[in-house]
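# 3D, please:
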Amino acid sequence: MTAHDIPEPARLHTDAVVVDGLQINNWSREVFEELRTGGVSGVNATAAVWEGTDQTLRTVAEWYQMAQRHNDLMLLAETADDIRKAKDEGRVAVMLGFQNTSPFGDDYRLVEVFSRLGVRIAQLTYNIQNAVGGSCYEPEDSGLTRFGRNIVAEMNRVGMLIDLSHVGNRTSLDAVEASVAPVAITHSNPTWFVDNPRNKPAEVLRAVAEGGGVVGCCLYPLVLGGAGTGLDEFCAMVRRLVDEIGPEHVALGSDCTRNWDDGYVEWLRSGHWRPRGEVPATWPEWPHWFRGPEDFPRVTDGLVAAGLDEHTVRGVLGENWLGLFDDVFLGGRAA
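Okay, here's the model as predicted:
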């Protein structure tokens, strides 16, 4: 690479379409302003974790109201073109997503219902076994269940992206095999970088990439290696992953958690499946170079410093998500 080939980070970040594969903030106007300041044009926003059908419907309704109140800052997106539009208009496109299939209950038909309401992404399991399959934290991963296979088929049919981030490795491989559409890992890292159950072994990463999917490298401290992990270490990991699975299959998913207290992280970890307080829960400290969405330009700086060319950096920042969304969302065949 010559000096002429090295991209100028500030220009690159300003010009690029930046898409975050997942955030789970306590959303407010201030958070949307942070995203806009950080140059983020699209984000997968978690609308359900443990919630059932009724509560999730109410949350989706709240998102509709939020979009009306803050339409100068954000819009609800259903396609990749909505994100491109938001970039042109200086707004943030929010794609509604689930970190669990609990909103579908025991009825596969609710996949289409939520798809018609604007939900575009759903993670198959959260932190415990469910009716679809095994979680990454289960001592024994059941694999994709019969109901899970119906959920995968229905998500394929309506054009909803399958997310494997908190999903067990066996269930993940089953889902890749069962899906006729590419799938995603929206917010995890390789286990060779940090050996954590939330991270993914090479076998799963390869399978997702070989199926045309995308892996969102994650900034959440527990899967990053803690607050002491440097930007250079994170970006070196991204570069190695680009080399291993291909530049078109690597992106970002920060797992940003703005404006929550410790009670919320306790709820995330325990839900209703075990007593609150059984396992003490506090938010981990974030690295100094990424405290929130305003710091995305620093990540661009790091990717350039790691030696990635401009085309690859643009892909990691957002173009790879856009390509996947184009492929999956427009492939739905719901009447």
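# what's the single longest helix in this protein?
For the chain, the helix that runs over the most residues, judged by DSSP state H, is helix 53-69.
# mind listing what's buried in that one?
Thr53, Thr56, Leu57, Thr59, Val60, Trp63, Met66, Ala67 (16 or more other C-beta atoms under 10 Å). C-beta: built from backbone N, CA, C; applies to glycine.
# state the distance from the fourth one to Gly90.
Applying C-beta to C-beta, to the nearest Å, the value for Thr59 to Gly90 is 27 Å.
# where does the stretch 1-150 of the chain have low pLDDT?
Along the stretch 1-150 of the chain, the parts satisfying pLDDT under 70 run over 1-6.
# quick one, strands of it?
18-23, 40-48, 74-76, 92-98, 119-123 (DSSP state E, counting those that start in this stretch).
# which one, of the ones you listed, ends up nearest to Gly213?
strand 18-23 (11.5 Å; C-beta to C-beta).
# can you give me the helices for the stretch 151-300 of the chain?
Ranges of helices in the stretch 151-300 of the chain, per DSSP state H, counting those that start in this stretch, are 169-178, 202-210, 221-224, 231-245, 262-270, 296-305.
# and the longest one, what does it pack against?
Yep, that's helix 231-245 we're talking about. For helix 231-245, the packing partners by 3 or more C-beta pairs under 8 Å, 6 or more residues apart in numbering; DSSP states H and E come out as helix 202-210, strand 214-217, strand 250-252, helix 296-305.
# Asp243: which of the ones you listed is closest?
Proximity to Asp243 (C-beta to C-beta) singles out strand 250-252 among the helices and strands packed on helix 231-245, at 9.6 Å.
# distance between that closest one and the chain's centre?
Distance of strand 250-252 from the chain centroid (C-alpha atoms, centre = their mean, to the nearest Å) equals 9 Å.
# over to stretch 238-251?
Stretch 238-251 sits 16 Å away from the centroid of its parent chain (C-alpha atoms, centre = their mean).
# so what's Glu78 up against?
With contacts defined as C-beta atoms under 8 Å, 6 or more residues apart in numbering, the neighbours of Glu78 are Met95, Gly118, Arg120, Phe329.
# can you tell me how far it is from Glu203?
Applying C-beta to C-beta, the value for Glu78 to Glu203 is 33 Å.
# shouldn't Arg256 be in contact with Asp295?
One correction, residue 256 is Cys, not Arg. No - the pair Cys256 / Asp295 is not scored as a contact, 9.8 Å apart, by C-beta atoms under 8 Å.
# of the two, which one has the most company?
Using other C-beta atoms under 10 Å, the more surrounded residue of Cys256 and Asp295 is Cys256, with 27 against 20.
# what's near enough to touch that one?
Counting by C-beta under 8 Å, 6+ apart, Cys256 makes contact with Asp20, Gln23, Ile24, Asn25, Leu219, Gly292, Pro293.
# how about the first one: what's its closest non-neighbour residue?
This means Asp20. Val43 (4.5 Å; C-beta to C-beta, 6 or more residues apart in numbering).
# what about the one you found, neighbour count?
Neighbour count for Val43, taken as other C-beta under 10 Å: 31.
# do Leu222 as well
For Leu222, the count of nearby residues is 14 (other C-beta under 10 Å).
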